[in-house]
Each structure stands twice: as C-alpha cells, then as structure tokens.
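Trainee: build the 3D model from these lines:
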Amino acid sequence: MATLLPPSQRAVIEARVLAIARDLLRELGNTEAMSALSASADLERDLGLGSIERMELIMRLERGFGPLPENAAEATRIDDLITAVTGPSSSEADPGPVPSEAVCDPGTPAIEPALSQASPQTKGPPQARTSLFQRLFETIYGIYAATVFLVWLVVSWLVLLIMPAGRPAARMSSAALRIYFRIIGCRLTLQGAEHLDKCGAAIYVSNHTSYADVLAVMALFRTDYHFVAKSEINDMPFIGSFLRKIGHFSFERSKLRARSRQAERMEKALLQGESLFVFAEGTFTAGPGVRPFQLGAFRAAVKTGRPIVPVTLRGARQFLRDGTFLPKPSRISVIVWPPLFPSPAAGREWAEVLRLRDETRSTISRLAGEPLL
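Mentor: Have a look, this model is predicted:
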C-alpha cells in the first residue's frame, strides 16, 4: 500500500514537477502553454505535449525523483505524474476548470479556392453567372473524380491481392495511382527528385494537408520507403490492404508504450538501411497552415545519425480539403528539399532534435506558401 505524504511535502514535490515541465515547455518554444501549466493541466490538450515530449518529461522526472511506476507512461495530466512521484494524496482536490486552449489565428490564407463569395448586391449578373458555372463545373468534376476513384480502388485492390508483397506491390500501386490522376486530369509534379536516395536511408518529413497526400506521394516517390501511419488508417477497408501489403508501419497514437515501441522499430529500420516517410503534423485541417511537428522522426534521426529530408506538398489541400467528399480541380506538387543532417556532438541530443524539427518545419512552410501555426 502506498504511503500518504503530508500535504506540505506533496506541495514541494508538485512545485518541482511543475518546474521541470516548465523548463521543457520553454525548450520546446511553447510559451503559450506555460500560462496553462498547473496540476490539472492536460498534457496533450493544454500543454501540447505529444508522445515523444511526454516520454522526455517522464525521463526528466525519473532523473530528478528516481524510477517511476510503469503506469506513469499512461499519464494524461500533470497531476497523474505528481501522483506517480508521491503516491496518492489523502484527499482528491477539485482540479478546477481546465484552461481553454489558445486559439491560433493563421491569418489570411496564402492559397484560397477560386470561388467568388460576393453577394448579388455587390456583383452584377455576369459575375454571378460565372460563379454559378464554376460551382457547377466543380461539382461535376468532383462526382467524376470520386466515381473513377471508387472503380480504380476496387480494380487495383483485386490486382494487389495476387501481387507479391513488398516492392512489386509498391510499384504496381504507384503505377496505378499515376494512371488515376492522369484519367481525372489532375497534374502531378515532382521537384527535387535528385535528393531521393541521395544519402541512403533517410527520414522524409512532409506537411500534411489532406487524404490525397498519401496518394500523391505513393504515385511520385519511386524509391523504397515505409510510411509511418496511424493504426486507424491501417485498419481502413481497401486502403489498409495497400499499406499492409506494401509493408508500411502503423502505430497506436493513444498508447504511449505502443508509440515507444514504434520509435524503436523506426530506428531499427533506419539502421538496416530502410527509409521512412512521416507526416510530422500527425493530422490535417481544412484551413491552411503548418501545424506543430511531432518529435518522433527527429529523435530517430538523431539517434541513428540518418538525415531528415524535408518534403513540401502543395495543391493537395485544394484537391480534397478536410470535411469535403468531392475532389476539386487542382495541381499537386511534391517538392523534395536537400537533406538536413544531425550534429554528432555528444550531450546535445535534445537540442539537435529541436533544431532539426524547427529547421524542417520552417523549410516546408516557405515553399508551401502557408503560415506556421
């Protein structure tokens, strides 16, 4: 049975835990979250700490207090970590209201759909007719592109079933996707192809704008790599079959231990000469902007010494914006940047993780034409 600490001693430990968390937030550059830091703060929602950041926080707590219980890895609030250090408190305090999340205004979008939003009172009949015709054209195109995709998906899936796993399945999928985009009239372009395989095994890190991102990358990347995808995508009908047959990785993002095992698997693949492709934002939204990056890819790069290759996606958000079901006419570009190498300086691993993350994110944002959120 855990021994209950006097309130005064628990308060001292709580202050130390909050100080360690505050130092981590400061290093991450997340100054907005520091105002929400309290015992009741949610690690992910209020403080913006992803799985790797939470693992780093637990490691720092263990350096300060000694080994923590196994269930500390499943902590969701600062108070859970305090309890892991001190044991349960004698009374459960009211955590109070959870601080509301800061609302980030991405500003004026750099790229907007070419739809006129003017009211009839401010535009004359010619403009109104143009807008009507454009919406009608986009609707017809969307229905056509979606119908072709459904037919393509079933036919390609049936062919995939008889294909050998691994490279043959990957080559077939890439060729089939290029045919699909050609049929619907969506132009795909790849820039910086000379940086593919330039340094052997690498981690390709890209912004994430829509479900079409995966399709565009699979169509254009003629190199061996593993997507690192959420388990929800791997379990999707048809799509999951493609990912599993080709040999892409999946992880359960809600379980910290599972993500830790996935990090080890990523590092092992890199050391065996296999490349990875990661959408470091972890998700996408309808509005433009590059969201904060998760740290897993950059930590793997530092631990293995393999380079990060930034990849910028443009046009995929307009093609299939989040919350929509019908594609729109668009051109999709995939731009591959020169590799970024981690510094081998000993004792600076954490600083290198943050440097690679910030430099990669800034590089991708510049050519994407979207702001950093």
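
Trainee: every contact and neighbour count from this point should use C-alpha atoms.
Mentor: OK.

Trainee: residue 373 against residue 290, yeah?
Mentor: Yes. With contacts counted by C-alpha atoms under 8 Å, residue 373 reaches residue 290, the gap being 5.6 Å.

Trainee: distance across stretch 65-79, terminal residue to terminal residue?
Mentor: Stretch 65-79 has an end-to-end distance of 15 Å (C-alpha to C-alpha, to the nearest Å).

Trainee: give me the mean pLDDT for that stretch.
Mentor: Taken as a whole, stretch 65-79 carries a mean pLDDT of 76.

Trainee: so how far is that stretch off the chain centroid?
Mentor: Put simply, stretch 65-79 sits 25 Å off its chain's centre (C-alpha atoms, centre = their mean, to the nearest Å).

Trainee: in that stretch, which residues are buried?
Mentor: Within stretch 65-79, the residues that count as buried by 16 or more other C-alpha atoms under 10 Å are 68, 72-73, 75-79.

Trainee: what do you get for stretch 343-359?
Mentor: Across stretch 343-359, burial judged by 16+ other C-alpha under 10 Å covers 343, 349, 352-357.

Trainee: got it, and stretch 284-296?
Mentor: Buried residues in stretch 284-296, defined by neighbour count with 16+ other C-alpha under 10 Å: 284, 288-296.

Trainee: how about stretch 13-26?
Mentor: Buried residues in stretch 13-26 (16+ other C-alpha under 10 Å): 13-14, 16-18, 20-22, 24-25.

Trainee: now, which of those lie within helices?
Mentor: 13-14, 16-18, 20-22, 24-25 (DSSP state H).

Trainee: for residue 362, list the residues it contacts.
Mentor: Listed by C-alpha atoms under 8 Å, 6 or more residues apart in numbering, the contact set of residue 362 reads residue 372.

Trainee: which helix or strand contains it?
Mentor: Residue 362 belongs to helix 349-368 when assigned by DSSP states H and E.

Trainee: how far does that helix sit from the chain's center?
Mentor: Relative to its chain's centre, helix 349-368 lies at 14 Å (C-alpha atoms, centre = their mean).

Trainee: stretch 344-359 too?
Mentor: Counting by C-alpha atoms, centre = their mean, stretch 344-359 comes out at 19 Å from the chain centroid.

Trainee: what sits up against that stretch?
Mentor: For stretch 344-359, contacts defined as C-alpha under 8 Å, 6+ apart pick out 28, 293, 295, 298-299, 302-303, 305, 308, 340, 342-343.

Trainee: repeat the analysis, applying 6 Å as the threshold.
Mentor: Applying C-alpha atoms under 6 Å, 6 or more residues apart in numbering, the external contacts of stretch 344-359 come out as 298-299.

Trainee: dump that stretch to CSV, keeping only the CA atoms.
Mentor: Output of stretch 344-359 as CSV, limited to C-alpha atoms (Å, rounded to 0.1, in the frame of the first residue of the first chain):
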residue,chain,number,x,y,z
PRO,A,344,27.1,14.3,-33.8
ALA,A,345,28.0,16.4,-30.8
ALA,A,346,27.7,14.4,-27.7
GLY,A,347,25.4,15.6,-24.9
ARG,A,348,23.3,17.7,-27.3
GLU,A,349,20.8,15.2,-28.5
TRP,A,350,17.7,17.0,-27.2
ALA,A,351,18.9,20.3,-28.7
GLU,A,352,19.5,18.6,-32.0
VAL,A,353,16.0,17.1,-32.0
LEU,A,354,14.5,20.6,-31.6
ARG,A,355,16.9,22.2,-34.2
LEU,A,356,16.0,19.6,-36.8
ARG,A,357,12.3,20.0,-36.1
ASP,A,358,12.4,23.8,-36.3
GLU,A,359,14.5,23.9,-39.4
